[in-house]
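Participant: Kindly generate the corresponding structure for this input.
(one chain, ligands or ions: 1)
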Amino acid sequence: MKRKLLTYTVAGTLVFGGITAGSMGVSAAGEGPNYNGNETINTSILHDHEELVSFLETQDAKQEQMELEVIGQSVKDRDIHLVKYISDPDNPTILYLTQQHGNESLTTEGALEFIKHLGTGKTKGILDNVNILIVPRLNVDGAVGDVNFSLEDYVGDGEYNLTRYNAEGVDLNRDHVDKIQPETKALHENVMQQYDIDYMIDLHHQGAQRERDGELVSGSILYPTTPNADPEVVEKSKQLGAVVFEEIDRTGWGHLGKYVGGSAETISRNGIAVEYGISTLLFEMRGMMDHTNDRYVLGQKSNGYLIKQTVNTLHATAEAISNGSIEDQDISFWDSLSEQEYR
Ligand SMILES: [Zn+2]
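Facilitator: Just a heads-up that it's a prediction; the model follows:
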């Protein structure tokens, strides 16, 4: 049975909301209210599939430099999109990939915001010296809960539930060697193998209760950790991470830990680094939109910060590649960055 929030818990949050917000100060992204029965999760605030497509088509019509392409279809026949800004094929190229896991949505919301910025004066000049590829939502079926298994135990409320898996119940981020699922196949055949990509950030969401040095994190990062990755590729991945860490750390509200991850090459962070020699960075935002476990989801009050954390990450990395400053990054911070722990 699907667990529903009782009205009094929502009302209770409203009463305590002022106190909480005040005492949390600027650390909202790191210590914002989690779900745990304290706050409702309304999936309707997210772009569903039709809204996502409509957003992309509107931006495509407005933006001269933007190109929109359909790279394939999901198990349930939904289109998967690629947004391209290619000003010069000789420019370095970065790929931003979001929502391989359908219940990890704010990275997509942030990517859409970034796409909007690319069409305005906010990122003026960046596109002259970097090519940007964005796959905003790979798992288009899981993102709207249209899957061949039950989601009745998921805690999210709203018109639909969201799940990590694709419609067949497969974790797409374990399919980067075999590439069996249509979503992963589309990504590899029509993006990875078609462009000369230098950098990639793979954007995810992790559980809500992780901390670094005693403080809840707003996210975590990690470079390729398979021994088969070229050391130069790994070094450039660490530089990409340095740009992200510095950008988020200086906000005052962001607090990043080092993600604890394995060396399996079925995961894009490792597999794509080895197969294509692309410098990859995993970025895990805090708190998922939906899950069967309360401790993995985060209430909506942190949404603004987490979306902004995504926008800042995309903007800062695109800019650092565009102006070449990424190559001067000091990667020694990685040696002192503590791994995050479960609270
Ligand atoms: Zn994920």
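Participant: residue contacts, the most centrally placed residue in the chain?
Facilitator: Computing the C-alpha centroid of the chain and ranking residues by CA atoms, centre = their mean puts Leu203 first, at 2.6 Å. Going by CB atoms under 8 Å, 6 or more residues apart in numbering, Leu203 touches 96-99, 104, 107, 110-111, 283, 285, 310, 313. To be clear about C-beta, it is placed using only N, CA and C from the backbone, and glycine gets the same treatment.
Participant: how about the residues you listed in JSON lines, adding distance to Thr226, neighbour count and pLDDT?
Facilitator: Compiled in JSON lines, the contacts of Leu203 are given as follows (distance: CB to CB, whole Å; neighbours: other CB atoms under 10 Å; pLDDT from 0 to 100):
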{"residue": "Tyr96", "distance to Thr226": "21", "neighbour count": "26", "pLDDT": "98"}
{"residue": "Leu97", "distance to Thr226": "18", "neighbour count": "25", "pLDDT": "98"}
{"residue": "Thr98", "distance to Thr226": "22", "neighbour count": "29", "pLDDT": "98"}
{"residue": "Gln99", "distance to Thr226": "23", "neighbour count": "27", "pLDDT": "98"}
{"residue": "Glu104", "distance to Thr226": "22", "neighbour count": "27", "pLDDT": "94"}
{"residue": "Thr107", "distance to Thr226": "23", "neighbour count": "31", "pLDDT": "96"}
{"residue": "Gly110", "distance to Thr226": "27", "neighbour count": "25", "pLDDT": "97"}
{"residue": "Ala111", "distance to Thr226": "26", "neighbour count": "25", "pLDDT": "98"}
{"residue": "Phe283", "distance to Thr226": "18", "neighbour count": "29", "pLDDT": "98"}
{"residue": "Met285", "distance to Thr226": "23", "neighbour count": "27", "pLDDT": "95"}
{"residue": "Thr310", "distance to Thr226": "26", "neighbour count": "26", "pLDDT": "97"}
{"residue": "Thr313", "distance to Thr226": "23", "neighbour count": "28", "pLDDT": "98"}
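Participant: so how many other residues sit close to the closest residue in space to Ile41 that isn't next to it in sequence?
Facilitator: The shortest distance from Ile41 to any non-neighbouring residue, by CB to CB, 6 or more residues apart in numbering, is to Gly156 (4.6 Å). Gly156 sits with 24 neighbouring residues when counted by other CB atoms under 10 Å.
Participant: and if you look at Asn312?
Facilitator: Number of residues near Asn312 (other CB under 10 Å) recorded here: 18.
Participant: which parts of this protein sit against the ion?
Facilitator: In this structure, the chain approaches the ion at residues 101, 104, 204, judged by CB under 5 Å from the ion.
Participant: can you pull the contacts of the nearest residue to the second one once chain neighbours are set aside?
Facilitator: In this case it means Glu104. What sits nearest to Glu104 in space, not counting adjacent residues and going by CB to CB, 6+ apart, is His205, at 3.7 Å. By CB under 8 Å, 6+ apart, the contact list for His205 reads 101, 103-107, 284-289.
Participant: ok, 7 Å please
Facilitator: Contact criterion CB atoms under 7 Å, 6 or more residues apart in numbering gives 104, 106-107, 284-285, 287-288 as the residues in contact with His205.
Participant: out of these, which are inside helices?
Facilitator: When the contacts of His205 are checked against helices (DSSP state H), the matches are 106-107.
Participant: From the contacts of His205, which land in strands?
Facilitator: Filtering the contacts of His205 for membership in strands, criterion DSSP state E, returns 284-285.
Participant: Just give me the closest of the contacts of His205 to the ion.
Facilitator: Glu104 (4.8 Å; CB to the ion).
Participant: Run through the bridge partners of whichever residue of the stretch 201-343 of the chain sits closest to the ion.
Facilitator: In the stretch 201-343 of the chain, the residue found nearest to the ion is His204; the distance is 3.2 Å by CB to the ion. Under DSSP bridges, the beta-bridge partners of His204 are Glu284.
Participant: which residues sit in contact with it?
Facilitator: Counting by CB under 7 Å, 6+ apart, His204 has contacts 101, 104, 107, 282-284.
Participant: Good, we can wrap up now.
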